[in-house]
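> structure here, sequence nowhere to be found:
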């Protein structure tokens, strides 16, 4: 009977023994981090829709490293570095997640599918009930997206990478993915993971920001429901068609995002139930699931050892914090200009993490005054935030690509 | 075209034309112009696009008498019950 080495049977452990200590430490750290994400996702502390597949993918990929040849190590999950067509054809038949990565990730399709789903669940009528207020808040809520860019450049990042990480301030993860794929392909994995991680934390952190910046008396302001106008379907569809065409003409490079978002809105308003259910259900959640899983699988030890990751973590949190502060300042501007009848908490909803920030705003208002309903205005500000984020993404990509 | 849109037709058409005029200035005219004139054309184009969208946004505004009161009405109904 031939001599059997134990490490040959358990190659995941054998690759750890054969790797450099830093890589081993990073792999173990990522396995633990992945399991922690799954735990926090299941518990509901972090967003389960993203964190469960992402955490599981992260821990599995870092555990499942094997010897592909005598000298090379790798996994059977995915190879994001391959670009040669012949090699790609080979990898497509070996790595089980490669087809999803090649055909939906690198061309931005997955971000566009999520955007289409967001369009289907967004009622643009909420924005059209008070467009100027919503746009004021949305523009102010881009403070992080705009200010983080010069900060990142000052800290030594090139313009394209600085713009990609600044987009975290838009709090719109598919948009961050799309922008970073176009502007900083080498960094798109850590940037998108930072974005998703912080967006999950924003749900827990933004309420504290609201409480610090808005006194309880103002948080309890009751909005006058009588002035909510009825926006017809025809008006919503016309607005979506005109705005989408205009934005596509102005920023063709971000046209897939605009098209997807506004198509979702038009499908919703057209009332074709089958499409609404399909895009708002299987497409949106299927894309969200695979986005989380692939991001996790792409987060290998080499990624975390990139010295830029620490910088990205700092800049990401700065961008989100500034955007939150900017949104609330926007809320205050509308509060003052409306004769102190507008609840400034709505400002936080301008940070376009739809519908999370709108829910955060309503929750905080409800705690201060259980009779106050601000959700329609908060949703309007959030939808404006999505549009303004897409415009800023378009500007960054047009100028820096 | 429904009733509210018919009533505010001027806003919808005017806003759309203004915004598209802005796009035409940016995408068609400004590449033909060099230097300061080109920059002024681009800036004017963007200003017209913003103005156009603002005019369209005005079309969705309602007078207080046209207000839609579902939420308040539902709350009142619940209280009565």
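It's in. Here the structure is a predicted model, which means the values were calculated and not measured. Residues are numbered from 1 along each chain as shown, chains lettered A, B, ... in the order given.
> switch to C-alpha atoms for all contacts and neighbour counts from now on
Fine.
> what helix or strand does the residue nearest to residue B:25 when sequence neighbours are not counted sit in?
Excluding the flanking residues, the one nearest residue B:25 by C-alpha to C-alpha, 6 or more residues apart in numbering or on different chains is residue B:45, at 5.1 Å. In the assignment (DSSP states H and E), residue B:45 maps to helix B:35-59.
> just give me the neighbour total for residue 23.
Just going to use chain A. Counted with other C-alpha atoms under 10 Å in any protein chain shown, residues neighbouring residue A:23 total 16.
> looking at chain B here, not the other one
When counting by other C-alpha under 10 Å, one arrives at 23 neighbours for residue B:23.
> and it, how far from residue A:253?
15 Å (C-alpha to C-alpha, to the nearest Å).
> and if you look at residue A:111?
14 Å.
> who's more crowded, those two?
Each of residue A:111 and residue A:253 has its neighbours counted (other C-alpha under 10 Å); residue A:111 has more, 26 against 17.
> so the more buried one makes contact with residue A:178?
Yes. Using C-alpha atoms under 8 Å, residue A:111 is in contact with residue A:178, at 6.3 Å.
> who's in contact with the closest residue to residue A:153 other than its chain neighbours?
Using C-alpha to C-alpha, 6+ apart and skipping residues adjacent in sequence, the residue nearest residue A:153 is residue A:162, 5.9 Å away. Contacts for residue A:162 (C-alpha atoms under 8 Å, 6 or more residues apart in numbering or on different chains) come out as A:148, A:149, A:150, A:152, A:153.
> so which of those comes closest to residue A:330?
Closest approach to residue A:330 among the contacts of residue A:162 (C-alpha to C-alpha): residue A:148, at 18.0 Å.
> residues touching the closest one, list them.
Contacts of residue A:148 by C-alpha under 8 Å, 6+ apart are A:162, A:165, A:166, A:169, A:315, A:318, A:319.
> beta partners of residue A:74?
Beta bridges link residue A:74 to residue A:66 when assigned by DSSP bridges.
> count of residues packed around it?
Using other C-alpha under 10 Å: residue A:74 sits among 16 other residues.
> ok, now residue A:269?
Neighbours around residue A:269, by other C-alpha under 10 Å: 22.
> against residue A:281, how distant is it?
16 Å.
> next: residue A:130.
For residue A:130 relative to residue A:281 (C-alpha to C-alpha), the value is 29 Å.
> and residue A:178, how many residues sit next to it?
28.
> an error on my part: the question was meant for residue A:376.
Residue A:376: 20 neighbours (other C-alpha under 10 Å).
> can you give me the helices in the stretch 251-400 of chain A?
For the stretch 251-400 of chain A, helices defined by DSSP state H, counting those that start in this stretch occupy the ranges A:255-270, A:273-278, A:284-298, A:301-304, A:308-337, A:356-368, A:375-400.
> and for the stretch 51-200 of chain A?
Using DSSP H, counting those that start in this stretch, helices in the stretch 51-200 of chain A cover A:85-92, A:98-100, A:109-121, A:125-128, A:131-140, A:143-154, A:159-166, A:173-183, A:188-213.
> where does the prediction get shaky in the chain?
Using chain A. For chain A, the stretches with pLDDT under 70 are A:1-4, A:6-7, A:226-229.
> chain B is the one I meant
Judged by pLDDT under 70, the stretches of chain B that qualify are B:1, B:62-81.
> tell me the centre residue of it?
For chain B, the residue nearest the mean C-alpha position is residue B:56 (1.8 Å; C-alpha atoms, centre = their mean).
> what distance do you get for that one to residue B:47?
Counting by C-alpha to C-alpha, the gap from residue B:56 to residue B:47 is 14 Å.
> same question for residue A:200.
Noted for residue A:200: a distance of 37 Å to residue B:47, by C-alpha to C-alpha.
> these two: who's more crowded?
residue A:200 (21 against 15).
> how much space separates the spatially most central residue of chain A from chain B?
Centroid-nearest residue in chain A: residue A:173, 1.1 Å away (criterion: C-alpha atoms, centre = their mean). Computed as C-alpha to the nearest C-alpha, to the nearest Å, the residue A:173 to chain B distance reads 26 Å.
> how far away is the nearest residue to residue A:375 once chain neighbours are set aside from residue A:351?
Leaving out its chain neighbours, the residue that sits closest to residue A:375 by C-alpha to C-alpha, 6+ apart is residue A:362, at 5.7 Å. Distance of residue A:362 to residue A:351, given as C-alpha to C-alpha: 14 Å.
> neighbour count for these two, which is higher?
Ranked by neighbour count (other C-alpha under 10 Å), residue A:362 and residue A:351 place residue A:351 first, with 39 against 23.
> residues near the residue nearest to that one when sequence neighbours are not counted, how many?
The shortest distance from residue A:351 to any non-neighbouring residue, by C-alpha to C-alpha, 6+ apart, is to residue A:141 (5.3 Å). Using other C-alpha under 10 Å, residue A:141 has 36 other residues around it.
> just the closest residue of the stretch 301-401 of chain A to chain B, please.
Proximity of the stretch 301-401 of chain A to chain B (C-alpha to the nearest C-alpha) peaks at residue A:373, 9.5 Å away.
> my read is that that residue contacts residue A:362, right?
Yes. Under the criterion of C-alpha under 8 Å, residue A:373 makes contact with residue A:362 at 6.9 Å.
> how about the nearest residue to residue B:41, chain neighbours excluded?
Closest residue in space to residue B:41, ignoring its immediate chain neighbours: residue B:30 at 5.7 Å, by C-alpha to C-alpha, 6+ apart.
> tell me the contacts of the residue nearest to the centre of chain B?
Neighbours of residue B:56 in contact, by C-alpha under 8 Å, 6+ apart: A:239, B:11, B:12, B:14, B:15, B:16.
> three-state assignment of the fifth one?
This means residue B:15. With DSSP: H, G, I helix; E, B strand; the rest coil as the basis, residue B:15 sits in helix.
> what's the answer for the third one, then?
When classified by three-state DSSP, residue B:12 comes out as helix.
> count of neighbours near residue A:135?
For residue A:135, using other C-alpha under 10 Å, the count is 22.
> show me what contacts it?
Here residue A:135 is in contact with A:381, A:384, A:385, A:388 (C-alpha under 8 Å, 6+ apart).
> let me know the closest of those residues to residue A:42.
Among these, and counting by C-alpha to C-alpha, the member closest to residue A:42 is residue A:385, at 28.8 Å.
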